[in-house]
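Participant: turn this into a model:
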Amino acid sequence: MSNLGKKRLEAALAIAGYAVGSGTASAAPTPGIEVPKHLVLTASDVLMYTTIWKIYFEEDLTRKALLEMLAEIGLVTVAATGTAYIVSKASTAILCEITDWFGPMGWGVSAAIAASLTGIFGAAWALYCDDLYAQKQPSPA
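Facilitator: This next block holds a predicted model:
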């Protein structure tokens, strides 16, 4: 397996692990405190992003690197993505408050939604890192 293939597999396993963790944490019924729980899940997502970055580039994502990356991909794209992320997390927190009323079936729905969102955002970040990594590699002659 190539080095890039190993990085892709490792990133996919990391995303799956974080998605399962997010889904498991969301499945636990916590009526009235869903929003704070989703703040913790957001922190977990940030850890997932830094883990994926470290898998591809074998370095910690520093503030300087983050600012350079944001400038590279354009602040408009970042603002739109950040807004979509915040809206999706807020919507999920509200939906989880509602699904808590439906017992185990609602908790399962909450888990599925949280795991799916973590997986989608993680996959998008991994694709970005994969593309950036491929661009930085010397092309064969």
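
Participant: mind checking the SS state of residue 138?
Facilitator: Using DSSP: H, G, I helix; E, B strand; the rest coil, the structure places residue 138 in coil.

Participant: can you give the contact residues for stretch 103-119?
Facilitator: Stretch 103-119 is contacted from outside by 15-16, 18-20, 22-29, 41, 44-45, 48, 88-89, 92, 95-96, 98-100, 102, using CB atoms under 8 Å, 6 or more residues apart in numbering. From N, CA and C alone the C-beta is placed, and that goes for glycine too.

Participant: where does this protein have its least confident helix or strand?
Facilitator: helix 63-73 (a mean of 61; mean pLDDT, DSSP states H and E).

Participant: check the burial of residue 122 by counting its neighbours.
Facilitator: For residue 122, the count of nearby residues is 24 (other CB atoms under 10 Å).

Participant: before we move on, what about residue 8?
Facilitator: Using other CB under 10 Å: residue 8 sits among 19 other residues.

Participant: so it makes contact with residue 131?
Facilitator: No. Counting by CB atoms under 8 Å, residue 131 is not a contact partner of residue 8; they are 11.6 Å apart.

Participant: quick one: low-confidence ranges for this protein?
Facilitator: 1, 30-35, 38, 61-90, 92, 95-96, 139-141 (pLDDT under 70).

Participant: ranges for the helices of it?
Facilitator: Counting by DSSP state H, the chain has helices at residues 3-27, 34-57, 63-73, 75-99, 104-136.

Participant: list the helices and strands the first one packs on?
Facilitator: Judged by 3 or more CB pairs under 8 Å, 6 or more residues apart in numbering; DSSP states H and E, helix 3-27 is in contact with helix 34-57, helix 104-136.
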